[in-house]
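Visitor: Okay, predicted coordinates and the sequence, questions at the end:
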Amino acid sequence: MVVVIKISFSWAAVLAVMIALAGCRQEGEVSVRLPAYDPLADDYKLTDVEITTLDDLDRLDGQTTTLVGGAQIVLDYQKNEIDWKEAGAYVAFGGIKSDGVLIPEDFDSLAMASAYYGLELSMLFFEDIGMPRDLLVHMETYYWPDLKIIEADGEEIDMRDNAFYMYIAQNDRGFYIFPYEDFQWLPLSMNAGVMTHEYTHAVFDALVHDPNRGVALAAMTISGANFLYGLNEGCADSMAVARTGDPDYMEHSIEKEVYVVQCNTAIREIVRDASEEWYYSPAIDSAARLQPAADFCPYDVGAFFASLLYSLARDIDDAGPGPDDIPSVEARLEVATTLFGALDDLGLSLKTDFELYDMFSLLIARLSTQAKKDAFCALLESRYAMHYDLVEGC
C-alpha cells in the first residue's frame, strides 16, 4: 500500500533530534537469525542471514533506512494537516550472540531487524537491476507508530495491521509498520515480499512522480490518475514477486479469503496471487474512467498488471503454465530490469491522460528480443483485448 499526502501541511512539532540509546556501536556486515523465505518449502524459516549496510546495529541505523520508534501522528483530512505529536527516537535492538550469530532477544528486536533486512534486500535488488543508490533520499522506517487518521467525514481510525510507504515532501518520506492485532500469522515486517512491495512504491515515486510533481500530476485526468495509481500497485507486486520468487507472498501473513473494507467502501480480499491469470474487463475499465480518485480501488488494475508480468517471466523462462512452476531468477530479473527501465521512461514521458497501454508500449520497446516482444503481445492480445490495438509495438 502506498499513501501519498495530497494536502497542505501544518507541522505542530518539528522532528526532534534523535537521541542515541546506550549500546555498543557496530558497523558493517553482521549475522542475525531472522525469519527468511525458503522458496523450496514456500515458507518462512529461522535462518542465519547477513545484514551488510548497517552503520549502527544497536539503533538499526544504516545506509538502507533508520528505524524510529515512539512516533505519534495525527493525519487530519478535515483540517488538511499532518500533526506530529511525537517525532519518535532511535530504537534499541537487543540480541544474544551465539557462535558468531546474533539472536534477537525479544519480539520487537526480531520484527525491527527483519524490517531492516527486508528493505536492505530490496535496495540491493534494485541496484542489481540498474538503480543508482542515490536515486532515493535516506528514509526512516517508523516502527509501530501511533497513527490516528481523521477522515473527511470525521471518522477516526487508529491504524493497525498494515504497512505502507508515505510521501510527505521531496526530502521527507518513509515507511510505516503498524501494530498487529487481527493478523497473527507472519508479521508484515517479517514478510520479505511486503517489504519489497513498499520499497517499490518509493522507487516508483522517485522515477515517475518526482519528475512530474509540477504541472503533470496536478493536471491528470480522472482516468489518468487512476490508471497510474493502479500501475503503482501492480509494479509493487511485480517487483516483490520478482525478488522473492513468491507469486503469493501476502498469503504468508494473511490467509486467503480474508475480506476487509478497502478504499473506504469496497469489501475486498486482501491476498492477490500473481500466478493466477487476471484479465482486463469492462468493470475494471469503467471503474478507472469514472470513479473519482477518493473512491477508486487500484488493486484490480494492479493484480492484472502483476499477473501479466509474472506470465511474461514464465514465457521467457519456458516454465510452463502451472502455479508451482516458478520462473527462474534470471527470468525474473530480466522482467524486473525491463520494468525498471520502462518506469524511468514513463517518468520522462508521462501524459496527463495516461493509459495502461502507454506503459505496455514502453515495456515492449524495452524487451531485448523480438521473440520476447511477441510473447508479451500474445499475452496482451488475450488478456487486454479491449485496448490491444492501441499498444505500440504489437
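Guide: Nice, I can see it. Everything quoted here is computed from the prediction, not taken from an experiment.
Visitor: Tell me, please, where in the stretch 51-200 of the chain the pLDDT is lower than the cut-off.
Guide: Within the stretch 51-200 of the chain, the stretches with pLDDT under 70 are 184.
Visitor: Please enumerate the helices of it.
Guide: Remark: helices assigned in the stretch 51-200 of the chain by DSSP state H, counting those that start in this stretch are 107-128, 192-204.
Visitor: can you map out the strands along the stretch 101-250 of the chain?
Guide: For the stretch 101-250 of the chain, strands defined by DSSP state E, counting those that start in this stretch occupy the ranges 101-104, 139-143, 146-150, 156-158, 163-169, 172-177.
Visitor: Now the last one: buried residues?
Guide: So the one you mean is strand 172-177. Within strand 172-177, the residues scored as buried using 16 or more other Cβ atoms under 10 Å are 173, 174, 175, 176, 177. C-beta coordinates here come from the backbone N, C-alpha and C atoms, glycine included.
Visitor: tell me what that strand is packed against?
Guide: Secondary-structure packing of strand 172-177 (3 or more Cβ pairs under 8 Å, 6 or more residues apart in numbering; DSSP states H and E): helix 107-128, strand 139-143, strand 163-169, helix 192-204.
Visitor: Could you break this structure into its assigned domains?
Guide: Domain segmentation of the chain under automatic domain parsing yields 1-213, 217-394.
Visitor: before we move on, back to that, what's the closest of the helices of the stretch 51-200 of the chain to residue 371?
Guide: Closest approach to residue 371 among these (Cβ to Cβ): helix 107-128, 23.9 Å.
Visitor: could I get the closest one in PDB with only the CA atoms?
Guide: The C-alpha coordinates for helix 107-128 follow below in PDB (Å, rounded to 0.1, in the frame of the first residue of the first chain):
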ATOM      1  CA  PHE A 107       9.800  -9.900  19.600                       C
ATOM      2  CA  ASP A 108      10.400  -6.200  18.800                       C
ATOM      3  CA  SER A 109      14.100  -6.800  18.100                       C
ATOM      4  CA  LEU A 110      13.100  -9.700  15.800                       C
ATOM      5  CA  ALA A 111      10.500  -7.600  14.000                       C
ATOM      6  CA  MET A 112      12.600  -4.500  13.600                       C
ATOM      7  CA  ALA A 113      15.700  -6.300  12.400                       C
ATOM      8  CA  SER A 114      13.500  -8.200   9.900                       C
ATOM      9  CA  ALA A 115      12.100  -5.000   8.600                       C
ATOM     10  CA  TYR A 116      15.600  -3.500   8.100                       C
ATOM     11  CA  TYR A 117      16.800  -6.700   6.400                       C
ATOM     12  CA  GLY A 118      13.800  -6.900   4.100                       C
ATOM     13  CA  LEU A 119      14.300  -3.300   3.000                       C
ATOM     14  CA  GLU A 120      18.100  -3.900   2.600                       C
ATOM     15  CA  LEU A 121      17.400  -6.800   0.300                       C
ATOM     16  CA  SER A 122      15.000  -4.600  -1.700                       C
ATOM     17  CA  MET A 123      17.600  -1.800  -2.100                       C
ATOM     18  CA  LEU A 124      20.300  -4.300  -3.200                       C
ATOM     19  CA  PHE A 125      17.800  -5.900  -5.600                       C
ATOM     20  CA  PHE A 126      17.000  -2.600  -7.300                       C
ATOM     21  CA  GLU A 127      20.700  -1.800  -7.500                       C
ATOM     22  CA  ASP A 128      21.100  -5.100  -9.300                       C
END
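Visitor: Now find how far off-centre it is within its chain.
Guide: 13 Å (Cα atoms, centre = their mean, to the nearest Å).
Visitor: same deal with stretch 277-289?
Guide: Relative to where its chain is centred, stretch 277-289 has its mean C-alpha point 22 Å off (Cα atoms, centre = their mean).
Visitor: got CSV for the strands of the stretch 101-250 of the chain, with distance to residue 57 too?
Guide: Compiled in CSV, these are given as follows (distance: least, Cβ to Cβ, whole Å):
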stretch, distance to residue 57
strand 101-104, 8
strand 139-143, 15
strand 146-150, 26
strand 156-158, 31
strand 163-169, 23
strand 172-177, 19
